[in-house]
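S.K.: The following comprises the amino acid sequence and a computationally predicted model.
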Number of protein chains: 4
Amino acid sequence: MNAKTVRIGLIGAGRMGSFHAENLACRVPGAVLAAVADPLPGAAQKLAERLGVAKAYSDLHALLQDPDIDAVAIAAPARTHAEWVMAAARAGKHVFCEKPMAVTLEEADSAIAAAEQAGVVLQVGFNRRFDSGFAAAIAAVKAGENGVTQLSRSVTRDPRLHDPAPIPQWTIFLETLIHDFDTLLHFNHGARPVEVYALADALVRPDFKDKGLLDTSVVTIRFDNGAMAIAEASFQAVYGYDVRGEVFGSKGMLQAGHINANHCVRYGAGGIAIETSRLDSDLLREAYVAEMSEFVSAVRTGETPRATGEDARNALEIALACIDSVKQNQPIKLGAH
Amino acid sequence: MNAKTVRIGLIGAGRMGSFHAENLACRVPGAVLAAVADPLPGAAQKLAERLGVAKAYSDLHALLQDPDIDAVAIAAPARTHAEWVMAAARAGKHVFCEKPMAVTLEEADSAIAAAEQAGVVLQVGFNRRFDSGFAAAIAAVKAGENGVTQLSRSVTRDPRLHDPAPIPQWTIFLETLIHDFDTLLHFNHGARPVEVYALADALVRPDFKDKGLLDTSVVTIRFDNGAMAIAEASFQAVYGYDVRGEVFGSKGMLQAGHINANHCVRYGAGGIAIETSRLDSDLLREAYVAEMSEFVSAVRTGETPRATGEDARNALEIALACIDSVKQNQPIKLGAH
Amino acid sequence: MNAKTVRIGLIGAGRMGSFHAENLACRVPGAVLAAVADPLPGAAQKLAERLGVAKAYSDLHALLQDPDIDAVAIAAPARTHAEWVMAAARAGKHVFCEKPMAVTLEEADSAIAAAEQAGVVLQVGFNRRFDSGFAAAIAAVKAGENGVTQLSRSVTRDPRLHDPAPIPQWTIFLETLIHDFDTLLHFNHGARPVEVYALADALVRPDFKDKGLLDTSVVTIRFDNGAMAIAEASFQAVYGYDVRGEVFGSKGMLQAGHINANHCVRYGAGGIAIETSRLDSDLLREAYVAEMSEFVSAVRTGETPRATGEDARNALEIALACIDSVKQNQPIKLGAH
Amino acid sequence: MNAKTVRIGLIGAGRMGSFHAENLACRVPGAVLAAVADPLPGAAQKLAERLGVAKAYSDLHALLQDPDIDAVAIAAPARTHAEWVMAAARAGKHVFCEKPMAVTLEEADSAIAAAEQAGVVLQVGFNRRFDSGFAAAIAAVKAGENGVTQLSRSVTRDPRLHDPAPIPQWTIFLETLIHDFDTLLHFNHGARPVEVYALADALVRPDFKDKGLLDTSVVTIRFDNGAMAIAEASFQAVYGYDVRGEVFGSKGMLQAGHINANHCVRYGAGGIAIETSRLDSDLLREAYVAEMSEFVSAVRTGETPRATGEDARNALEIALACIDSVKQNQPIKLGAH
């Protein structure tokens, strides 16, 4: 494209960072992956070499000071996101931040304010909304084609719980279901969530329950117009990565999501068989590229991206209420934080 | 079949009774519809004539005393079911009773005891479990093929809320979601429900909310092994009658149900289009016949039918807890009744 | 139903006859299975006992003379069908005849004439047209909703080729593909077939090729308006009974048929799995009942049934052209017989 | 990627050329679109500017002499493809050529020989084989998972026949069905086609029939092991771009392809609705990128690409036999050219 390319610096060269790096290096029109930073010795260097990226930093702040960089993509550990958003904004860089953008409402507010003050784009990694199926469903809701939403559902099931040990407490709400809360808020466009009730337990790895693991959860959300929404998560679906949504409204129902690995159906002596997607990077490959393409576009045009800091805050508010709900085994009213 | 035919008397010639009558008269091998009873003047007579049934009663007790009748099918108003189960059992008739078998636990216990004392078969109209898709899912759960159930979901959406006026309060739990509770109990075979949380509102007809109408509901159920289940109901799905189930377990996921009216897919200038089933009697036609066939078989063989009085009681317990939960806006522990 | 019941005598107590017998005895409103006839000693008696049928004949002509019988259902060996149609018509009985109604055009014409002269209903067992999916597709074609048909396809694959030895030569055209030809003629409503080209071989059991077995075939049919149709058959699909149709027209495409055994989808470590129907009597269970119900209705009302003797003749004409085409390895013009 | 980038020059800046150009410029890892050439004044320049490509040529031979270019992608008019393949090979450039690579067998042989002599990669644009569904089906066939192929089918339906006037005669075989022939040859891996019979007509635009238009066709192919294959094409499917395949073998059936535009299903008062893909560039977007990625990889590693000049020749042989078959209205034996 003849528009100015956007030079992006990546913060965090872990699994998700590497995946974003490949997209930025090869698949996102208009983006140049100009630098990679990771505090782990050698990590940034290795990723940069593999992808032919010019610069690698082990000092993340050095990347932020690099005048050659227009924007940053933050894929650092979740609990540091808000801090990096603020630092990047202060350095005048546009910001793409993986979800969750923050883990407290105060942090979220500060991050939003920092971006606003600096006049930079702030986009959050709610990739699911860039999946063509979810995007079509949300567009139909917003256009009123499905009527007023009455019941909605969002499901996230990760394919495998490898090692529960390093998983911080409440991760299921703050990092997994945060996607579903964001989705449900958009499925209920025009309504405000008023009450949350959450169940959560360690059903995949009950042996880690006393260490605080919660690997399975069901959340119900009540909206101010009476609509009811359900979010479901599990850390282990043996059949693959499972992300689906359903919106039932006064004019119909929309279903988004799928799990087929490809468009090949096999009929054999045992019946019909279809392969499933095993990785989020397979299932949502196009969505990951689409969100970064929209980020590049937002940087170029100054238009507000589809997934904003406010969206991050709204989803976080529900996640935090879930934590209270589990602690108290009670429905929790929103707006009391 | 050369086994003795089972002579059945129908109690209740309304919509559901008429539907059962047609099946008993024409589609259930081994059944003879021997008599029809309804207190509404002329109703039994009219149905009997249409189907060529020999006897019509306006006195329901007269039918129970008819020595020509082996068994009764009860399709009277829901709140009278238990009473008729007891009367029929006392008269020595085998009993098929539409759901809900009872609306209080005391009634349920009495009905079960009456059937037991009389030594008659007592089967309850949980037709959904006779749908081949739901039956296959439940069989897979019981066989352990899906592992331990962790998350499950059951949905009922009726196609149209005609007139809210005559609908008794709490119908959504006692008559609609009672199907879903029964389904979820079987999806969680081997576990016991311990806590229930219900949301319910009048979203289809908010103008009837102050008259006590609840037309939309979401219920979460927690089981003693930590498993979580969700039941959803709406009295109006503009796209048709929608009955689906999903069981997520440690070894996979099972989905049951469908809504296609037939196996014809249309591709046109507007995209792909598929007709949907508009009536329960269409969607579950085979299941209605299958449940009656099983009843005939149970009467002949003395084997316990798949859907028992105990099943009715178990589902009712959850429905009653839902009523408490809505009243208190709190999760309700089971077993406290 | 209060209309007069139709008393039916069955000719042929083999696999298909027994299946029709069960439907007539238990599932077809308005039908009474009054008698069963089969020349094999004991066969009629055994089937009659199992189903509680009053009369059993080993002399088939005796059944035709039984004044207690209104109509016959012919499920004798295919090559004798036309003879029995004529004999039954002459005896004043309405006739339901399994496909193929005849194996020569002369026989077909005679059978049609006999029924016409006797003033009896003549219906042919093109059951597929009573499947709700196929029926919807054909209705859409006739209503013009799919535009002018340009390309169409009909597939029949039987689940298992047990023993090739007793299969008469050309069975694949005369008994199997005859369904597809009938379907394609209705998919091309308003057009006339003008040319046929057939390929056929023994691919399932090549060891029987020199005995004349043809177990796999592809047929193309050209219509007078230029439309092209394809019929495909195989005697062995390891995944079950597979019957599908597709109509592509100037306004869209219709697809009919399915193979799922039930509405349960299983997701496991190996991917998605769905059970398939293994028997025609499973896949088309409803269609078999529907065709007999329509026969009963035609007998009562005198209306022409959906699947007529003329339909049988039209499909046969194509089957016979296929035989010529295989013999000559040439396209064969129709109308030259 | 740190492997050497492959510098590609594009020949032909029309619709397909522009689409390849966008992919090469933005979506194909390791590729650099170094130059664009088109004889139409300004066309190359305009495309180059839009995509930020350094060089634009109106003299196509000048591009071939550019030492800065490693490989060319040929998207010129079909009838000139072979000539450009030879010229590029002689200039020492690796070649990706859109299908058909040639329109006579002599040309095809010369093109293959030229590439072989020059030691350059020659890949042909059979993009369908890079679709994940088709690729999985073909892989399963080659692995023997589907047994020996007995019946197979490949369908191509373009969404809209805009203007029949500029379409050269026999285009339906040489440019459209050539994809299906290639697919069917791979569905019948290990067998050789021996006979072809083709029907073709102008059913979409009968008013152009006397000008030689053929817009609808059905082709049957017989293989040396008795297997039968069907190819179907139409230039106008009002519901969108429709590309599907089916392989029936001794161990089962494989179906590839789909037409849904996204993973959103809509249920409304009119039933179920799903949007369809309207463009090949939508439906096969990933496949177009995958074929170019494989080309880049073949150039780098010297490995033979999946879609070779021999594949192009094999499919062409069938296309040419189809032309003879239509002219003679006879099945045509292969190998007689």
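M.R.: Done, it's in. As the structure is a computational prediction, the values presented were derived from the model and not from experiment. Numbers count the residues shown, from 1 in each chain, chains lettered A, B, ... in the order given.
S.K.: Which residue ranges of chain A form helices?
M.R.: Secondary structure of chain A by DSSP state H: the helices cover A:15-26, A:43-51, A:60-65, A:81-90, A:105-118, A:132-142, A:171, A:177-187, A:280-283, A:285-301, A:309-328.
S.K.: Residues of chain A that sit close to chain C?
M.R.: A:237-240, A:242, A:259-261, A:267-276 (Cβ under 8 Å from any Cβ of the partner chain). For every residue, glycine as well, the C-beta is placed using N, CA and C.
S.K.: Could you name the residue of chain A that is farthest from its center?
M.R.: residue A:269 (40.6 Å; Cα atoms, centre = their mean).
S.K.: what's around the residue nearest to residue A:329 when sequence neighbours are not counted, how many residues?
M.R.: Distances taken as Cβ to Cβ, 6 or more residues apart in numbering or on different chains put residue B:331 closest to residue A:329, at 6.2 Å, once the chain neighbours are dropped. Residues near residue B:331, counting by other Cβ atoms under 10 Å in any protein chain shown, number 22.
S.K.: that older thread, among the residues of chain A next to chain C, which are in strands?
M.R.: A:242, A:267-268, A:271-274 (DSSP state E).
S.K.: how about CSV for those, with pLDDT and neighbour count added?
M.R.: Output for those, formatted as CSV (pLDDT from 0 to 100; neighbours: other Cβ atoms under 10 Å in any protein chain shown):
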residue, pLDDT, neighbour count
A:242, 95, 22
A:267, 94, 25
A:268, 94, 21
A:271, 93, 20
A:272, 93, 23
A:273, 94, 19
A:274, 93, 20
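S.K.: Closest one to residue A:280 out of those residues, please.
M.R.: Taking Cβ to Cβ as the measure, residue A:280 lies nearest residue A:242 of these, at 10.2 Å.
S.K.: Could you list everything that closest one pairs with in the sheet?
M.R.: For residue A:242, the beta-bridge partners are residue A:157 (DSSP bridges).
S.K.: ok so, going back, what's near enough to touch the residue farthest from the centre of chain A?
M.R.: Neighbouring residues of residue A:269 by Cβ atoms under 8 Å, 6 or more residues apart in numbering or on different chains: C:238-239, D:251-252.
S.K.: Now for those: which two are most distant?
M.R.: Longest span within the contacts of residue A:269, Cβ to Cβ: C:239 and D:251, 9.0 Å.
S.K.: mind checking how far whichever residue of the stretch 1-150 of chain A sits closest to chain B is from residue B:220?
M.R.: Closest residue of the stretch 1-150 of chain A to chain B, Cβ to the nearest Cβ: residue A:150 (4.5 Å). For residue A:150, the distance to residue B:220 equals 17 Å [Cβ to Cβ, to the nearest Å].
S.K.: out of the two, which sits in the busier spot?
M.R.: Per other Cβ under 10 Å, whichever of residue A:150 and residue B:220 has more neighbours is residue A:150, with 28 against 22.
S.K.: so that one sits right up against residue A:227, yeah?
M.R.: Yes: using Cβ atoms under 8 Å, residue A:150 is in contact with residue A:227, at 5.5 Å.
S.K.: Around chain D, pick out the residues from the stretch 1-150 of chain A.
M.R.: So the stretch 1-150 of chain A meets chain D at A:1-2, A:22, A:25-30, A:49-52, A:131-137, A:140, A:145-146 (Cβ under 8 Å from any Cβ).
S.K.: Find the residue ranges of the stretch 201-337 of chain A scoring beneath the pLDDT cut-off.
M.R.: A:336-337 (pLDDT under 70).
S.K.: Most proximal residue of it with respect to chain D?
M.R.: Closest point on the stretch 201-337 of chain A to chain D, by Cβ to the nearest Cβ, is residue A:263, at 3.2 Å.
S.K.: so how many other residues sit close to that residue?
M.R.: Residue A:263 has 22 nearby residues by other Cβ under 10 Å.
S.K.: what does residue A:163 give?
M.R.: So residue A:163, with other Cβ under 10 Å, has 8 neighbours.
S.K.: rewinding a little: which among the residues of the stretch 1-150 of chain A next to chain D count as buried?
M.R.: Applying 16 or more other Cβ atoms under 10 Å in any protein chain shown to the residues of the stretch 1-150 of chain A next to chain D, the neighbour count classes A:22, A:25-30, A:51, A:131-137, A:140, A:146 as buried.
S.K.: re the thing from before, distance check, the residue of the stretch 201-337 of chain A closest to chain D against residue D:263.
M.R.: When residue A:263 is compared with residue D:263 (using Cβ to Cβ), they lie 11 Å apart.
S.K.: What of residue A:209?
M.R.: 35 Å.
S.K.: Quick check: phi and psi at the closest residue to residue A:39 other than its chain neighbours.
M.R.: Using Cβ to Cβ, 6+ apart and skipping residues adjacent in sequence, the residue nearest residue A:39 is residue A:58, 5.9 Å away. Dihedral angles of residue A:58 (phi, psi; degrees, to the nearest 10) stand at phi -100, psi -20.
S.K.: Give me the neighbour count for residue A:58.
M.R.: Neighbour tally, residue A:58, other Cβ under 10 Å: 16.
S.K.: Number of residues surrounding residue A:113?
M.R.: The burial count for residue A:113: 13, using other Cβ under 10 Å.
S.K.: Can you measure across stretch A:165-178, start residue to end residue?
M.R.: Criterion Cα to Cα, to the nearest Å; first-to-last residue distance in stretch A:165-178 is 21 Å.
S.K.: Return the most buried member of the helices of chain A.
M.R.: Mean neighbour count, computed with mean count of other Cβ atoms under 10 Å in any protein chain shown, is highest for helix A:177-187 among the helices of chain A, reaching a mean of 27.
S.K.: Packing partners of that helix?
M.R.: helix A:132-142, strand A:149-157, strand A:216-223, strand A:228-234, strand A:242-249, helix A:309-328 (3 or more Cβ pairs under 8 Å, 6 or more residues apart in numbering or on different chains; DSSP states H and E).
S.K.: picking up where we left off before, need the overlap of contacts for residue A:150 and residue A:227.
M.R.: residue B:203.
S.K.: Which residue lies closest in space to the residue positioned nearest the centre of chain A, excluding its sequence neighbours?
M.R.: Geometric centre of chain A, nearest residue: residue A:126, 3.5 Å, by Cα atoms, centre = their mean. The shortest distance from residue A:126 to any non-neighbouring residue, by Cβ to Cβ, 6+ apart, is to residue A:307 (4.1 Å).
S.K.: Kindly provide the distance from the one you found to residue A:115.
M.R.: 13 Å.
S.K.: repeat for residue A:306
M.R.: Taking Cβ to Cβ, one finds residue A:306 at 15 Å from residue A:115.
S.K.: repeat for residue A:220
M.R.: Taking Cβ to Cβ, one finds residue A:220 at 32 Å from residue A:115.
S.K.: likewise residue A:139?
M.R.: In terms of Cβ to Cβ, residue A:139 sits 26 Å off from residue A:115.
S.K.: Contacts only, for residue A:292.
M.R.: A:20, A:23-24, A:28, A:31, A:73, A:96.
S.K.: and these as CSV, adding pLDDT?
M.R.: Shown next, in CSV, are those (pLDDT from 0 to 100):
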residue, pLDDT
A:20, 95
A:23, 93
A:24, 94
A:28, 90
A:31, 93
A:73, 98
A:96, 98
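S.K.: now, which of the residues you listed sits nearest residue C:158?
M.R.: Nearest to residue C:158 among these, with distances taken as Cβ to Cβ, is residue A:23, at 49.5 Å.
S.K.: gap between that closest one and chain C?
M.R.: Using Cβ to the nearest Cβ, to the nearest Å, residue A:23 is found at 27 Å from chain C.
S.K.: can I assume that residue is in contact with residue A:287?
M.R.: No: with contacts counted by Cβ under 8 Å, residue A:23 stays clear of residue A:287, the gap being 10.6 Å.
S.K.: Which residues of chain A lie near chain B?
M.R.: So chain A meets chain B at A:147-148, A:150-151, A:153, A:157, A:197, A:199, A:201-204, A:206, A:216-218, A:220, A:222, A:225-228, A:230, A:232, A:234, A:236-239, A:242, A:248, A:250-253, A:329-331 (Cβ under 8 Å from any Cβ).
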